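In: Output the structure for:
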Amino acid sequence: MSIDMRSKIAIEDRRLNEINEFLLDPKNKLVNDLLAVVKKYGGPDEINRKARQAGKVENLMERLKEKRSPYIKDLEWLMEQKEKGAFITVDV
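Out: Here you go, the predicted model:
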(Lines give C-alpha, C1' and ligand atoms only; values in the text may rest on other atoms or scores of the structure.)
Protein backbone atom coordinates (compact mmCIF):
# COMPACT_ATOMS: atom_id res chain seq x y z
CA MET A 1 0.00 0.00 0.00
CA SER A 2 1.44 3.35 -0.90
CA ILE A 3 2.12 6.00 1.70
CA ASP A 4 -0.18 8.39 -0.17
CA MET A 5 -3.19 6.08 0.34
CA ARG A 6 -2.29 5.50 3.99
CA SER A 7 -2.21 9.26 4.64
CA LYS A 8 -5.83 9.47 3.50
CA ILE A 9 -6.99 7.45 6.51
CA ALA A 10 -5.29 9.73 9.05
CA ILE A 11 -7.56 11.63 11.41
CA GLU A 12 -6.85 15.33 11.30
CA ASP A 13 -5.77 16.97 14.58
CA ARG A 14 -8.77 19.29 14.34
CA ARG A 15 -11.15 16.31 14.29
CA LEU A 16 -9.39 14.63 17.22
CA ASN A 17 -9.67 17.85 19.19
CA GLU A 18 -13.41 17.97 18.43
CA ILE A 19 -13.82 14.40 19.66
CA ASN A 20 -11.90 15.18 22.86
CA GLU A 21 -13.98 18.30 23.45
CA PHE A 22 -17.14 16.20 23.07
CA LEU A 23 -15.89 13.50 25.45
CA LEU A 24 -14.53 15.90 28.08
CA ASP A 25 -17.47 18.31 28.16
CA PRO A 26 -18.84 18.13 31.75
CA LYS A 27 -22.33 18.86 30.40
CA ASN A 28 -22.31 15.85 28.06
CA LYS A 29 -25.20 13.73 29.36
CA LEU A 30 -24.27 10.71 27.25
CA VAL A 31 -20.73 10.53 28.60
CA ASN A 32 -21.87 11.38 32.13
CA ASP A 33 -24.38 8.52 32.05
CA LEU A 34 -21.77 6.12 30.68
CA LEU A 35 -19.28 7.12 33.39
CA ALA A 36 -21.98 6.61 36.03
CA VAL A 37 -22.50 3.03 34.84
CA VAL A 38 -18.76 2.37 34.79
CA LYS A 39 -18.47 3.77 38.34
CA LYS A 40 -21.45 1.67 39.50
CA TYR A 41 -19.58 -1.49 38.49
CA GLY A 42 -16.31 -0.53 40.17
CA GLY A 43 -14.49 1.41 37.48
CA PRO A 44 -12.51 0.24 34.45
CA ASP A 45 -9.97 -1.83 36.40
CA GLU A 46 -12.65 -3.76 38.29
CA ILE A 47 -14.74 -4.29 35.15
CA ASN A 48 -11.69 -5.62 33.29
CA ARG A 49 -10.73 -7.87 36.22
CA LYS A 50 -14.23 -9.37 36.27
CA ALA A 51 -14.14 -9.84 32.49
CA ARG A 52 -10.81 -11.70 32.72
CA GLN A 53 -12.23 -13.93 35.46
CA ALA A 54 -15.43 -14.62 33.52
CA GLY A 55 -13.42 -15.54 30.42
CA LYS A 56 -11.31 -18.22 32.11
CA VAL A 57 -12.01 -21.69 30.76
CA GLU A 58 -12.84 -23.16 34.16
CA ASN A 59 -15.42 -20.44 34.82
CA LEU A 60 -16.94 -20.82 31.36
CA MET A 61 -17.17 -24.59 31.85
CA GLU A 62 -18.85 -24.09 35.23
CA ARG A 63 -21.46 -21.83 33.64
CA LEU A 64 -22.12 -24.46 30.96
CA LYS A 65 -22.52 -27.14 33.65
CA GLU A 66 -25.00 -24.96 35.51
CA LYS A 67 -27.01 -24.64 32.29
CA ARG A 68 -26.72 -28.39 31.67
CA SER A 69 -25.23 -27.76 28.25
CA PRO A 70 -25.16 -30.76 25.90
CA TYR A 71 -21.66 -29.66 24.74
CA ILE A 72 -19.82 -30.24 28.03
CA LYS A 73 -18.71 -33.78 27.18
CA ASP A 74 -17.41 -32.69 23.78
CA LEU A 75 -15.50 -29.78 25.32
CA GLU A 76 -14.03 -32.01 28.03
CA TRP A 77 -12.91 -34.46 25.33
CA LEU A 78 -11.25 -31.63 23.37
CA MET A 79 -9.48 -30.43 26.50
CA GLU A 80 -8.19 -33.95 27.17
CA GLN A 81 -6.91 -34.24 23.60
CA LYS A 82 -5.13 -30.91 23.94
CA GLU A 83 -3.47 -32.05 27.18
CA LYS A 84 -2.31 -35.25 25.42
CA GLY A 85 -0.77 -33.19 22.61
CA ALA A 86 -3.05 -34.85 20.06
CA PHE A 87 -3.28 -31.78 17.82
CA ILE A 88 -0.69 -30.59 15.36
CA THR A 89 0.36 -26.99 15.00
CA VAL A 90 0.07 -25.10 11.77
CA ASP A 91 2.24 -22.10 10.97
CA VAL A 92 0.19 -19.17 9.77
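
In: show me where the chain has helices.
Out: For the chain, the helices defined by DSSP state H occupy 3-7, 13-24, 29-40, 43-54, 57-66, 72-84.

In: now the second one: how far from the chain's centre is it?
Out: From the chain centre to the centre of helix 13-24 is a distance of 24 Å (Cα atoms, centre = their mean, to the nearest Å).

In: With the longest one instead?
Out: Its chain's C-alpha centre and that of helix 72-84 lie 25 Å apart, by Cα atoms, centre = their mean.

In: do the same with the first one
Out: Its chain's C-alpha centre lies 30 Å from the corresponding centre of helix 3-7 when counted by Cα atoms, centre = their mean.

In: and if you look at the fifth one?
Out: Remark: helix 57-66 is offset 19 Å from the chain centroid, using Cα atoms, centre = their mean.

In: Local confidence estimate at Val38?
Out: In this model, Val38 is scored at 97, pLDDT.

In: what about it, neighbour count?
Out: 13 (other Cβ atoms under 10 Å). To be clear about C-beta, it is placed using only N, CA and C from the backbone, and glycine gets the same treatment.

In: thought it was touching Glu46?
Out: No. In this structure, Val38 is not within contact of Glu46 by Cβ atoms under 8 Å, at 9.3 Å.

In: Save the helices of the chain as a markdown table, and put in distance to Asp91 too.
Out: Shown next, in a markdown table, are these (distance: least, Cβ to Cβ, whole Å):
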| stretch | distance to Asp91 |
| --- | --- |
| helix 3-7 | 28 |
| helix 13-24 | 39 |
| helix 29-40 | 41 |
| helix 43-54 | 29 |
| helix 57-66 | 25 |
| helix 72-84 | 18 |
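
In: No further questions, thank you.
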